[in-house]
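Trainee: Show me the folded form of this:
(2 chains)
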Amino acid sequence: MEDLLKVRDLKLYYRTRRGIVRAVDDVSFDLRRGETLAIVGESGCGKSSTATAIIRILPRNIDTYEGSIILDGVDVMKLDDGRFREEVAWRRISMVFQGAMNALNPVMKVGFQVAEPLMVHSKLSRSEALSKARELLGLVGLPSFVADRYPHELSGGMKQRVVIAMALALNPEIVILDEPTSALDVITQANIVNLLKKLKREESLSYIFITHDLALASELADMIVVMYGGKVVEYGTAEQIYLDPKHPYSQKLLASIPTLRTDKKLEFIPGAPPDLVSPPPGCRFHPRCPYAMPICREKEPILHEVEKNRYVACWLYGE
Amino acid sequence: MPTGNLLEVRNLRVWFPIRRFFREALFVRAVDDVSFDLRRGETLAIVGESGSGKTTLGKTCLKLIEPTSGSIIYDGKDITRVSNKDLGWYRREAQIIYQDPFSSLNPFFTVYKTLEEPLIVNKMEGDRSELIYKALEDVKLTPVEEFIGKYPHMLSGGQRQRVAIARALILKPRFVVADEPVSMLDVSVRIEILYLLKELQDRYGISFLYITHDIATVKYFSDRIGIMYAGRFVESGSIRTVVSDPLHPYTKALIDAIPDPDPRNRFAERKVIPGEPPSPINIPPGCRFHPRCPYAMPICREKEPILHEVEKNRYVACWLYG
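Mentor: Numbers count the residues shown, from 1 in each chain, chains lettered A, B, ... in the order given. Here you go, the predicted structure:
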């Protein structure tokens, strides 16, 4: 399968009073058409910042924003903001934001909220947009009367479906899902995940799935990027990461997941994630790493291929 | 440690009236006829989806919410019959840890002040700062000096939850309601906090009511489990039996919905029941779960099954089990 999206050396630094926050620091990965790439890591590892950097929805306090984002052979980082908004955002890459279901407008009917972007972006008339909105709601498994309801009349799972319908409105090729189920109950979560699987198959979507929950990531991910402290520490197929994690951080992260069906002693990662204003020198994980060696404190390991299509940034696996 | 039950809840009902102009009042039946025992030094997990009444149940056990009927017997005393102004002792013995450490801590209070507050309110004698240091050491926020002057926004989610735990435990309670104590935290931090609670339980003999929607975490911090659906227990028993061999169709559905980390998960859709829990205003007749139940029979639509013992210490409310 071809590469639909290639992200190379993406950097996103924020300016704050405390100094420069290096939230995304040289992140690279590929997303193939029809596949799902999961970005996993703890809070503050830069996974959501990576998403907003890709779809270019950024706060004002940007210090550095560079690298390349090659969509179907074209580096969209080279487009100015206006053209990016017109040609790429929502049309080719869309996003379901974390907690978006709670950001629906409470005084507007749901159908209109789904229709509004269609009127703005696709220049559809009001009635065309509304009928397309009903179609979209059907696509995400909602009955058509939902279009005439207000958000408070819907359950959490239904609101999440509405938000997914909005992300699909302009037929994007890539949908970024930022913790799309984290506020939902487990059964509702499983229903939404099944919907995402079905949409992926039927609409041949590609997902970038952002989550801290590796068990949940396994429901969708073909490829996995493990992030720590703004950096990619490991990148490989789901089989490689789940069955044979190489980086000590990936190993620890997997060992900390509560499982229902297997009995294993869980581990946790002592210490806290690094401060991205002044990350530790050398490998950013070394203060928490059980295998830290002298070199880890001094020199930063670079992400390199250890097996075919398998990348790790760790001194345990040589240069 | 004395054995036996610390808490016995019998036929507890918590109904909230909705008054309607010139029409008869409706009731939100948040907790509807719940009975259970909590033994000394054990953890009972209450598992259910949002709206199942689990938080209301926990708060009612602390008498933060008045029950509509039923009894709550704590250490032999029925606290539903004691007026709130005579419950000072219970306010010290029974504590709560809230779900969201981002909003349950006062942003203008330092860690020290957060922990001093309950000592002042309850007029505790003795050296306050010594108690505060001890409490912070207990929750492993060490070196204590590094944390004591910090405000909540300077702490990570896990650290904030440790402060909330220290605040709940500083009065040496015997009964603690932990209401979703880890659901706002990263998966990698959850286990650390649950192990900490377990350790503190072993050290101080605290009984916990662990309220959660995440059945995957219960076996790391609970002895027994009660599954709640629409205000009622549908199944209860020891963790091992309920999780490895669920009887009630709802318990089965909850367990089936949870993925274990396995790269093969992505190739198939998960078996899952449709729909959402009923509104507590409009609870279906018969078994409350019947509209979503894959095994629903005619009797389920008509008569409500009662929780009965099907094996030793194993209770189920389902017509499939007679």
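Trainee: nearest residue to B:Ile73 other than its sequence neighbours?
Mentor: Leaving aside its sequence neighbours, B:Ile73 sits nearest to B:Glu8 (Cβ to Cβ, 6 or more residues apart in numbering or on different chains; 4.3 Å). Any C-beta I mention is one placed from the backbone N, CA and C, and that applies to glycine too.
Trainee: Check the offset of the strand or helix carrying that neighbour from the chain's centre.
Mentor: Taking DSSP states H and E as the definition, one finds B:Glu8 inside strand B:5-20. Centre-to-centre, strand B:5-20 and its host chain are 15 Å apart (Cα atoms, centre = their mean, to the nearest Å).
Trainee: Then stretch B:78-87?
Mentor: Centre to centre, stretch against its chain (Cα atoms, centre = their mean), the figure for stretch B:78-87 is 22 Å.
Trainee: likewise stretch B:234-243?
Mentor: Using Cα atoms, centre = their mean, the offset of stretch B:234-243 from its chain centre is 15 Å.
Trainee: what bits of chain A have low per-residue confidence?
Mentor: Flagging of chain A using pLDDT under 70 yields the residue ranges A:1, A:319.
Trainee: where do the helices sit along it?
Mentor: A:47-55, A:81-87, A:110-121, A:126-139, A:156-168, A:186-202, A:214-217, A:238-243, A:248-255, A:294-298 (DSSP state H).
Trainee: Name the residues of the second one that are buried.
Mentor: Of all the residues in helix A:81-87, those buried under the rule 16 or more other Cβ atoms under 10 Å in any protein chain shown are A:Phe84.
Trainee: Would you list the phi and psi of B:Arg232?
Mentor: The phi and psi torsions at B:Arg232 (degrees, to the nearest 10) take the values phi -140, psi 150.
Trainee: which residue packs closest to it, ignoring adjacent ones?
Mentor: According to Cβ to Cβ, 6+ apart, the nearest residue to B:Arg232 is B:Asp32 (5.5 Å).
Trainee: quick revisit: so what strands line up beside the strand holding B:Glu8?
Mentor: Partners of strand B:5-20 in the sheet, by DSSP bridges, are strand B:23-39 (antiparallel), strand B:69-74 (antiparallel).
Trainee: These: lowest mean pLDDT?
Mentor: Note on the strands paired with strand B:5-20: strand B:23-39 shows the lowest mean pLDDT, a mean of 92.
Trainee: Helix, strand or coil: sort out the residue nearest to B:Val144 when sequence neighbours are not counted for me.
Mentor: Leaving aside its chain neighbours, B:Val144 sits nearest to B:Leu136 (4.6 Å; criterion: Cβ to Cβ, 6+ apart). When classified by DSSP: H, G, I helix; E, B strand; the rest coil, B:Leu136 comes out as helix.
Trainee: Identify the residues contacting B:Leu136.
Mentor: B:Val111, B:Leu115, B:Thr142, B:Val144, B:Phe147, B:Ile148, B:Ala166 (Cβ atoms under 8 Å, 6 or more residues apart in numbering or on different chains).
Trainee: for A:Leu303, same thing?
Mentor: A:Ser28, A:Lys231, A:Val232, A:Val233, A:Tyr235, A:Tyr311, A:Val312, A:Ala313.
Trainee: how does it look with 10 Å?
Mentor: For A:Leu303, the contact set (Cβ atoms under 10 Å, 6 or more residues apart in numbering or on different chains) comprises A:26-29, A:231-235, A:247, A:311-314.
Trainee: Enumerate the positions of stretch B:283-302 that are buried.
Mentor: Going by 16+ other Cβ under 10 Å, stretch B:283-302 has these buried residues: B:Ile283, B:Pro284, B:Gly286, B:Cys287, B:Arg288, B:Phe289, B:His290, B:Pro291, B:Arg292, B:Cys293, B:Ala296, B:Cys300.
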